[in-house]
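Undergrad: predicted model, plus sequence, below.
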Amino acid sequence: MRKNTLKYVSTTNACKLCKPLGAALAFRGIAKTVPFLHGSQGCATYMRRYIISHFNEPIDIASSALGEKSAVYGGAANLRLGLKNVTEKYRPELIGLATTCLTETIGDDVPMILREYYLAAEKEGAVLPAVVHVSTPSYAGTHMEGFHAAVRAVVEQIAGAGGKNDTINLLPGFVSPADLRHLRAILADFNLAATILPDYSETLDGQAMLDYPRIPEGGTPLSAIRGMGQARATLELGRTLPDHSAGVYLNQAFGVPCQRLGLPIGIRETDLFFAALEKLSDRPAPARLAAVRGRLIDALVDGHKYVFGKKAVIYGEEDLVVGLTAFLAEIGIFPVLCASGGKSGRLAQAIATVLNGLPVTPPEVREDADFLEIAERVAELDPDLLVGHSKGYAIAKKQNIPLIRVGFPIHDRLGGQRILHLGYEGAQALFDLIVNILIAGKQDRSPVGYSYM
Amino acid sequence: MQTALLRERQFQIHRKGAAPFAMECNKDSLAGAVSQRACVFCGSRVVLYPIADALHLVHGPIGCAVYTWDIRGALSSGPELHRLSFSTDLKEMDVIFGGEQKLYQALSELIDRHQPKAAFVYSTCIVGIIGDDLEAVCNRVAMEKNIPVLPVQSEGFKGNKREGYEAACKAMARLVGTGDTSAISPVSINILGDFNLAGEIWLIRSYFEQMGVEVVANITGDGRVDDIRRAHGAALNVVQCSGSTMDLARIMERQYGIPSIRVSYFGVEDMAESLYAVARFFKNDEIMTRTKTLVRDELNALLPQLERYRQALTGKKAAIYVGGAFKAFSLVKAFRLLGMDVVMVGSQTGTKEDYEELAAITDEGTIIVDDSNPLELSSFLREKEVDLFVGGVKERPIAYKLGVAFCDHNHERKEMLAGFAGMLNFAKEVYGSVLSPIWRFVPRLEKRS
């Protein structure tokens, strides 16, 4: 397994996004919340455009819209004005405030600004929405660090102590709205009351409306987040998560036991997830779910010949890469390169763990990779398919191999928000997709034009 | 939705006929208002982006580069260096100790790898704060690599998109005047402010060539560094999207005495008038005759084809929200040609004169808005019962969420909308969205029927 070596000083076609974007996405998954970036107007607008192109949903991200004066004298006045205007226009229950590289570098003391803001409001007798703030300078970490930092900030600043309740906390990480809906259905099947944080399954995949919603319906309710310190357990998904995660905080602050699992992608990782749910619910997996697993195994048998021995390059967010690698190896595809723009330092170990016991050669693992590096490795490794988000398309096109679109962003196809990755159903969907793309490729290349598989 | 309007914004919205025209604009975006605008960097990046044989290096943390990777539908007939995203990807240590060394190394490495004709180095917010001397690093690399290396002072917080346009123009102005102009015809122009979305500049160039007018430099659609270097040899600057490249035209007028005219290639009237304006400038009967023939032939081919779309679209209501107001003028006229009523029109960066012009050419009751936001725009769409919204990617989900048809007229589009052929495409685009059978199922119309 090769360690990453930094070949270039410059970054070409980054395989990561910036930190505040992750925070904004996480905040969008909390009910009645407006994400707010303290920085230049451009940050919020660029991120909105980037997110919209994937979800095809409105996402209003407010900005303190700092100008030159604020950059010199500090952004406090703009931040206060922005909070006031968002409160007036959107009437949120919570404002999710993330900083940017600009405001981190000019040294705005956001907690202090907020304290003064509340004190002033108190004197006037105004009732203000709560503000959760998170420090997300884009020069320190990727969008995933921003996402996890925002989730942690939310529980740190909202969850409280109290008597135990019968819920569990599920911290799924950055998965698709379809995944979130699927997780909720699974929990319901297990009869588990759970708080999923964040939950943008409706806010970023909503219905056609008569009126433009100031804040879209859905999201984790604030009341549920307050109770997260009283839950009986936390399940935290992701094998490369930082030590200071939301789950760890809930454990340290309130003694809520925290169990970390990989994203339930493929059979073995989903089995582990289901085993955890069985234990928490004290019951075996419901028959419906067992049947889904059974059908999946049946499908793997039906399709195994079409995928066996194919080589895949997998890239994207680290935890997604780990899960996909596990799944691909399970079905007989050889992962030859696992790459991410993230830099947790844990990717290689996580991949080794999920491949344990499977008959595959350990793949090359690269953290802190950009698409130039990935392209160079792809040219040499000569894979049969790429698995990742839509930004790998140029490489797939050049190499004339299929791209299996998963994760975020999907900017060149409709329905990125509806891609299901998780659970046996997610594995089923991915398996059908991969098998059929490979069959279609063979069919298209064949002069015969076989009309049976 | 009456709550959508913030007090500070009330003078940036005008209802024609409700009161004498008075509008505020050209202001900083209001904090917390969720403006559709981006930043200075965005302005610079969109203008320079289509220069296809230049290296575009974004000096800053990763976000600014990654959000502008392959972002425009600006086509190139040759090199495609502009479609790659280069960044110095500044990290915490760079912020503390300064990013000049990293910039120097990144620039040198990238120039060696890609052999560009020039390099643009974009400053981002943070670079403005930590005080890297971009100019010095660029000069050093320019000397060592023997190509122009141009700093673009595009720190995001230093204003809005307009300041970004200006910074881009300043950077290009340093290229202009460094190339050989000896072979250039006296009947020659530069095309400014067309970005070759979906290949539009090729169509526009073909019109000028049919007229007998030489095009020296495309600025910047399908742009080339060497063309820009000799752009001062042209007799006239023909400026579209005037907000973005008018600064360059002004600089060139001052330095080289090259006059400029403002044009638009959208819609039949503006397209024809643009060609006539160029023909008039050269005071050459042959050119004028060829221009008349060209316009007549194009219109004879186009107008009968437009008729079926006009019949289907007559009486439908349109709303416009675009970046620059000049495009809005053309769109108002284009909708009129299709028989549609414009009930709302706005822009991110219009000037007072722009809005006066919009007030002059629109019907009574039309809402005119500057630097708007999702809550305002959606309330206008509802209030005016709009059938079609034209805007960019950020406006699209606002329209779609409310079940309103949409036409993308921004820089990501893949449809050619300029020129006479573009007018037909525009009609097809609008028709294809407005006449879709799916609208009967959306709440807005399901309720009504």
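TA: Here it is on my side, so go on.

Undergrad: measure the residue lying closest to B:Ile287 once chain neighbours are set aside to B:Arg336 for me?
TA: In this structure, B:Ile287 finds its nearest non-sequential neighbour in B:Ala279, 4.9 Å apart by C-beta to C-beta, 6 or more residues apart in numbering or on different chains. (Glycine included, C-beta is placed from N, CA and C.) Applying C-beta to C-beta, to the nearest Å, the value for B:Ala279 to B:Arg336 is 25 Å.

Undergrad: check A:Leu438 too.
TA: Using C-beta to C-beta, A:Leu438 is found at 53 Å from B:Arg336.

Undergrad: B:Ala118 too?
TA: 42 Å.

Undergrad: and if you look at B:Asp133?
TA: According to C-beta to C-beta, B:Asp133 stands 52 Å off from B:Arg336.

Undergrad: these two: which is more packed in?
TA: Remark: of B:Asp133 and B:Arg336, B:Arg336 carries more neighbours, 17 against 14, as counted by other C-beta atoms under 10 Å in any protein chain shown.

Undergrad: what is the burial count for the closest residue in space to that one that isn't next to it in sequence?
TA: Once flanking residues are discounted, B:Arg336 sits nearest to B:Val342: 7.5 Å by C-beta to C-beta, 6+ apart. Look at B:Val342: counted by other C-beta under 10 Å, it has 25 neighbours.

Undergrad: go on, B:Ser185?
TA: When counting by other C-beta under 10 Å, one arrives at 13 neighbours for B:Ser185.

Undergrad: torsion angles phi and psi at it?
TA: Main-chain torsions, B:Ser185, degrees, to the nearest 10: phi -70, psi 150.

Undergrad: ok, the spatially closest residue to it that is not a sequence neighbour to chain A distance?
TA: Take B:Ser185 and drop its neighbours on the chain: the residue closest to it by C-beta to C-beta, 6+ apart is B:Glu214, 4.3 Å away. Using C-beta to the nearest C-beta, to the nearest Å, B:Glu214 is found at 35 Å from chain A.

Undergrad: what's B:Glu214 in contact with, if anything?
TA: B:184-185, B:187-189, B:208, B:234 (C-beta atoms under 8 Å, 6 or more residues apart in numbering or on different chains).

Undergrad: beta-bridge partners for it, please?
TA: Counting by DSSP bridges, B:Glu214 is bridged to B:Ser188.

Undergrad: residue contacts, B:Pro443?
TA: A:208-210, B:403.

Undergrad: filter these down to the buried ones and hand me the ChimeraX line.
TA: ChimeraX command restricting the contacts of B:Pro443 to the buried ones, with burial defined by 16 or more other C-beta atoms under 10 Å in any protein chain shown:
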select /A:209 /B:403
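
Undergrad: got the contact list for the nearest residue to A:Asn169 once chain neighbours are set aside?
TA: Spatial nearest neighbour of A:Asn169, excluding adjacent residues (C-beta to C-beta, 6+ apart): A:Thr234 at 4.1 Å. Applying C-beta under 8 Å, 6+ apart to A:Thr234 gives the contacts A:168-171, A:228, A:246-247, A:250-251, A:256-259.

Undergrad: if I pick B:Leu313, what's in contact with it?
TA: Shown in contact with B:Leu313 (C-beta under 8 Å, 6+ apart): B:338-340, B:427, B:430-431, B:434.

Undergrad: any idea how far the nearest residue to it once chain neighbours are set aside is from chain A?
TA: Using C-beta to C-beta, 6+ apart and skipping the chain neighbours, the partner closest in space to B:Leu313 is B:Leu338 (4.8 Å). Between B:Leu338 and chain A the distance is 26 Å, computed by C-beta to the nearest C-beta.

Undergrad: from the stretch 351-453 of chain A, which residue is nearest to chain B?
TA: With C-beta to the nearest C-beta as the measure, A:Lys391 is the residue of the stretch 351-453 of chain A nearest to chain B, at 7.5 Å.

Undergrad: am I right that that residue sits in a helix?
TA: Yes. With DSSP: H, G, I helix; E, B strand; the rest coil as the criterion, A:Lys391 is part of a helix.

Undergrad: residue contacts, it?
TA: A:Lys391 sits next to A:13, A:15, A:371, A:409, A:411, B:69 when contact means C-beta under 8 Å, 6+ apart.

Undergrad: how deep is the first one tucked in, by neighbour count?
TA: A:Asn13 is flanked by 24 other residues according to other C-beta under 10 Å.

Undergrad: with the last one instead?
TA: Neighbourhood size, B:Trp69 [other C-beta under 10 Å]: 18.

Undergrad: gap between the closest residue to it other than its chain neighbours and A:Leu79?
TA: Among residues not flanking B:Trp69 along the chain, B:Ser85 sits closest, at 3.4 Å (C-beta to C-beta, 6+ apart). To A:Leu79, B:Ser85 is 30 Å away according to C-beta to C-beta.

Undergrad: what does A:Gly441 give?
TA: 53 Å.

Undergrad: the residue positioned nearest the centre of chain A in helix, strand or coil?
TA: Centroid check for chain A by C-alpha atoms, centre = their mean gives A:Phe174 as the closest residue, at 1.3 Å. Classification of A:Phe174 using three-state DSSP returns coil.

Undergrad: over to A:Val154?
TA: On the three-state scheme (three-state DSSP), A:Val154 is labelled helix.

Undergrad: repeat that for B:Lys27.
TA: Three-state call for B:Lys27 (three-state DSSP): coil.

Undergrad: give me the pLDDT value at it.
TA: pLDDT, B:Lys27: 88.

Undergrad: test my guess that it contacts B:Asp371.
TA: Yes. Contact criterion C-beta atoms under 8 Å: B:Lys27 and B:Asp371 qualify, at 7.2 Å.

Undergrad: spit out the residues that contact the two alike.
TA: With C-beta under 8 Å, 6+ apart, B:Lys27 and B:Asp371 have common neighbours B:Gln12.

Undergrad: tell me which of those two has more neighbours.
TA: Shown here are B:Lys27 and B:Asp371; by other C-beta under 10 Å, B:Asp371 has more neighbours (26 against 13).

Undergrad: ok, that one to chain A distance?
TA: Separation of B:Asp371 from chain A (C-beta to the nearest C-beta): 10 Å.

Undergrad: surely that residue is in contact with B:Gln12?
TA: Yes. Proximity of B:Asp371 to B:Gln12 meets the contact threshold set by C-beta under 8 Å, at 6.1 Å.

Undergrad: which residues do those two both contact?
TA: With C-beta under 8 Å, 6+ apart, B:Asp371 and B:Gln12 have common neighbours B:25, B:27.

Undergrad: can you pull the contacts of the residue in the stretch 151-300 of chain A positioned nearest to chain B?
TA: Chain B sits closest to A:Tyr212 of the stretch 151-300 of chain A, with a gap of 3.3 Å, by C-beta to the nearest C-beta. By C-beta under 8 Å, 6+ apart, A:Tyr212 lies in contact with A:58, B:1, B:374-375, B:378-379, B:381-382, B:398, B:401-402.

Undergrad: could you find the closest non-adjacent residue to it?
TA: Among residues not flanking A:Tyr212 along the chain, B:Ser378 sits closest, at 3.3 Å (C-beta to C-beta, 6+ apart).

Undergrad: return the residues of the stretch 201-350 of chain A in contact with chain B.
TA: When proximity is defined by C-beta under 8 Å from any C-beta of the partner chain, the stretch 201-350 of chain A lies next to chain B at A:206, A:208-214.

Undergrad: go again with 6 Å.
TA: Within the stretch 201-350 of chain A, the positions lying close to chain B (C-beta under 6 Å from any C-beta of the partner chain) are A:208-210, A:212.

Undergrad: any buried residues in stretch B:67-77, and which?
TA: Under 16+ other C-beta under 10 Å, the buried positions of stretch B:67-77 are B:67-76.

Undergrad: can you put those residues in a markdown table and add pLDDT?
TA: Shown next, in a markdown table, are those (pLDDT from 0 to 100):
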| residue | pLDDT |
| --- | --- |
| B:Tyr67 | 96 |
| B:Thr68 | 96 |
| B:Trp69 | 96 |
| B:Asp70 | 94 |
| B:Ile71 | 89 |
| B:Arg72 | 88 |
| B:Gly73 | 89 |
| B:Ala74 | 94 |
| B:Leu75 | 96 |
| B:Ser76 | 97 |
